[in-house]
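Colleague: Sequence and predicted structure below; questions after.
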Amino acid sequence: MTGISIKAIAACLMMMAATAGSYAQQKDWVNFGRYAAADSMLAVSGQKPPKAVFIGDSITDGWDGKDEAFFTDNNFVCRGISGQTSSQILLRFRQDAVDLRPEYVVILAGTNDLALNDYHLAPENVLDNLKSMCDIARANRIRPVLCSVTPASGFWWRKSVTGVEDKIRSLNDMIRAYAKSERIPYVDYHQALVDTDGGIRDCYSDDGVHPNEACYKVMEEIVLEYIR
């Protein structure tokens, strides 16, 4: 190759590889990497499959940090990722739920869709994502459990979104109706946590959205009725 040294070609290839790696990392929109190692370890460990996988957004993500014993004592696995929409959860559903071969998968999603994280998605499309997760679970002989979106009167990271209480109630009505029509358990956290104004009770959250330890204790009592 006239005029081009081997060193120059090598340097160019190294730069391309580094750029490609950085680009791939930036484009992990679904965050497959978050639980990849833990999922693989469970798959090859030879241990008994988890009784239930809890999958969702930050409401689920913060759960095992507030009460790790709830998961370890019951052979549950937590697979929440903060900030995720139902579309992201659906895309990682096979890796983070189905491939772990649980008896149940507890699905809690919708908060970040209503908060318009990343893009606008109509409530009907959010429900479609939840339906797809249930279809995938059932096709793999896993029992889906659908959860209501927990109450909030607003999203502090997206203050431009208004009418949050009504939007949550409307989406929950859709989830409840679908669950009833398909005979899928529906876990109504909302009813137990909501205050008179439609938000989450002050004693259950420090920021008006995310559960605190006392809140998770209430949620645990409710959900255990469906997966014992």
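Modeller: Right, received. Where do you want to start?

Colleague: If we go by neighbour counts, what in stretch 82-89 is buried?
Modeller: With burial defined by 16 or more other C-beta atoms under 10 Å, the residues of stretch 82-89 counted as buried are Gln84, Thr85, Ser86, Ser87, Gln88, Ile89. All C-beta atoms are positioned from the backbone trio N, CA, C, and that covers glycine.

Colleague: same for the helix or strand harbouring the fourth one, what does it pack against?
Modeller: Spelled out, it's Ser87. Assigned by DSSP states H and E, Ser87 belongs to helix 86-91. For helix 86-91, the elements it packs on are helix 111-114, helix 123-139, judged by 3 or more C-beta pairs under 8 Å, 6 or more residues apart in numbering; DSSP states H and E.

Colleague: what element comes up after that helix heading to the C-terminus?
Modeller: helix 93-96.

Colleague: from the chain's centre, how far out does that next one sit?
Modeller: Mean-position distance between helix 93-96 and its chain equals 11 Å (C-alpha atoms, centre = their mean, to the nearest Å).

Colleague: what about the helices in this structure?
Modeller: 6-26, 36-44, 58-61, 63-66, 68-74, 86-91, 93-96, 111-114, 123-139, 164-182, 189-193, 213-227 (DSSP state H).

Colleague: which one of those is the most hemmed in?
Modeller: helix 111-114 (a mean of 26; mean count of other C-beta atoms under 10 Å).

Colleague: Outside of that one itself, list whatever touches it.
Modeller: Among residues not part of helix 111-114, those counted as contacts by C-beta atoms under 8 Å, 6 or more residues apart in numbering are 57-59, 83-87, 118, 121, 123, 126, 149-150, 152, 155, 161, 164, 167-168, 171, 209.

Colleague: Also stretch 178-191?
Modeller: 106, 108, 127, 130-131, 134, 143-151, 168-169, 172, 175-176, 219, 222-223, 226.

Colleague: So for Gly199, which of the helices of the chain sits nearest?
Modeller: Gly199 sits nearest to helix 164-182 of all these, at 6.6 Å, using C-beta to C-beta.

Colleague: Just the CA coordinates for the closest one, please, in CSV.
Modeller: What follows is helix 164-182, C-alpha atoms only, in CSV (Å, rounded to 0.1, in the frame of the first residue of the first chain):
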residue,chain,number,x,y,z
VAL,A,164,-51.2,12.9,36.4
GLU,A,165,-53.7,11.5,38.9
ASP,A,166,-56.4,11.0,36.2
LYS,A,167,-53.9,9.5,33.7
ILE,A,168,-52.8,6.9,36.3
ARG,A,169,-56.3,6.0,37.1
SER,A,170,-57.2,5.7,33.5
LEU,A,171,-54.3,3.4,32.7
ASN,A,172,-55.0,1.3,35.7
ASP,A,173,-58.6,0.9,34.6
MET,A,174,-57.3,-0.4,31.3
ILE,A,175,-54.9,-2.8,33.0
ARG,A,176,-57.5,-4.1,35.4
ALA,A,177,-60.0,-4.7,32.6
TYR,A,178,-57.5,-6.6,30.5
ALA,A,179,-56.4,-8.7,33.5
LYS,A,180,-60.0,-9.6,34.3
SER,A,181,-60.7,-10.5,30.7
GLU,A,182,-57.7,-12.8,30.6
